[in-house]
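*Asks:* Return atomic coordinates for the entry below.
(2 chains)
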Amino acid sequence: AQSVTQPDIHITVSEGASLELRCNYSYGATPYLFWYVQSPGQGLQLLLKYFSGDTLVQGIKGFEAEFKRSQSSFNLRKPSVHWSDAAEYFCAVAGYSGGGADGLTFGKGTHLIIQP
Amino acid sequence: DVKVTQSSRYLVKRTGEKVFLECVQDMDHENMFWYRQDPGLGLRLIYFSYDVKMKEKGDIPEGYSVSREKKERFSLILESASTNQTSMYLCASSRTSLGDYEQYFGPGTRLTVT
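*Replies:* Alright, predicted model coming up:
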């Protein structure tokens, strides 16, 4: 069974500073990886996804993530954070059988706090 | 734009009541999912469905059942609500086509069982 680890429960970053959120996955085949963001009181919004090809993936809101198979990682980065980036961030991996998607396995989330 | 809607944003029920949470998607997606979200635990998969009248157990199905009579609608049922089912419930949908497992989420239903 697949699993996702987000080692940092909380991260505090100053506005304008760079950001990296860590994600490690465990999956037996080629993973389908996602980063979602959840603002307070909101549902989940997809930031970016990786299926194959270029290992550096660009997403919305200036975010990017790099897939590193050798490290089983899919870390999320942003060069300069804004106060509006304060939210909960979830990394996820898709399991699948021959019939379709089996649902996403999520990490426990990283709560991002932005300091003025 | 894909839209996934959930019948209620907030719900308060009493212990032992039968509770229905409804989810509707408007993009003709084959797959639909129910998750619960709890602080410090992330999202956990309760049930999912590949097609009408099909259902599969997720990681935490105990105490829940589901119904999918129409392609666009997926209901989560708490047969006898208990306080440990107080949580945020999120519905999602996705296409079956190979290479696209992106899930689209609804806004969530915050259920409190007293």
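*Asks:* Could you give the average pLDDT over the helix or strand containing A:Val57?
*Replies:* Assigned by DSSP states H and E, A:Val57 belongs to strand A:56-58. For strand A:56-58, the mean per-residue pLDDT is 95.
*Asks:* List the strands paired with it, with their directions.
*Replies:* The pairing partners recorded for strand A:56-58 under DSSP bridges are strand A:64-68 (antiparallel).
*Asks:* before we move on, the earlier item: can you list the buried residues in the strand holding A:Val57?
*Replies:* By 16 or more other CB atoms under 10 Å in any protein chain shown, the buried positions in strand A:56-58 come out as A:Val57. For every residue, glycine as well, the C-beta is placed using N, CA and C.
*Asks:* which residues are in contact with that strand?
*Replies:* Residues outside strand A:56-58 that contact it (CB atoms under 8 Å, 6 or more residues apart in numbering or on different chains): A:48-50, A:64-67.
*Asks:* Likewise for stretch B:4-14?
*Replies:* A:43, B:19-26, B:78, B:81, B:89, B:91-93, B:104-114.
*Asks:* What of stretch B:104-114?
*Replies:* Counting by CB under 8 Å, 6+ apart, A:36, A:42-46, B:2, B:4-15, B:17, B:19, B:21, B:23, B:25, B:27, B:29, B:37, B:81-83, B:85-94 sit against stretch B:104-114.
*Asks:* starting at the chain centroid, how far to it?
*Replies:* 9 Å (CA atoms, centre = their mean, to the nearest Å).
*Asks:* Next, count neighbours for residue 64.
*Replies:* All of this is about chain A. 16 (other CB atoms under 10 Å in any protein chain shown).
*Asks:* wrong one, chain B
*Replies:* 20.
*Asks:* so how far is chain A from it?
*Replies:* 14 Å (CB to the nearest CB, to the nearest Å).
*Asks:* Relative to chain A, how far out is the residue positioned nearest the centre of chain B?
*Replies:* Closest residue to the average C-alpha location of chain B: B:Trp34 at 2.7 Å, with CA atoms, centre = their mean. Distance, B:Trp34 to chain A, by CB to the nearest CB: 9 Å.
*Asks:* which residues does that residue bridge with?
*Replies:* Going by DSSP bridges, B:Trp34 forms beta bridges with B:Tyr47, B:Cys91.
*Asks:* Repeat that for A:Gln45.
*Replies:* Beta-bridge partners of A:Gln45, as defined by DSSP bridges: A:Val37.
*Asks:* Check which element follows the helix-or-strand element of chain A with minimal mean pLDDT along the chain.
*Replies:* One helix or strand of chain A scores below all others by mean pLDDT, DSSP states H and E: strand A:100-106, with a mean of 74. Going down the chain from strand A:100-106, the next helix or strand is strand A:110-115, by DSSP H and E.
*Asks:* Who are the packing partners of that next one?
*Replies:* strand A:10-14, strand A:19-21, strand A:87-97 (3 or more CB pairs under 8 Å, 6 or more residues apart in numbering or on different chains; DSSP states H and E).
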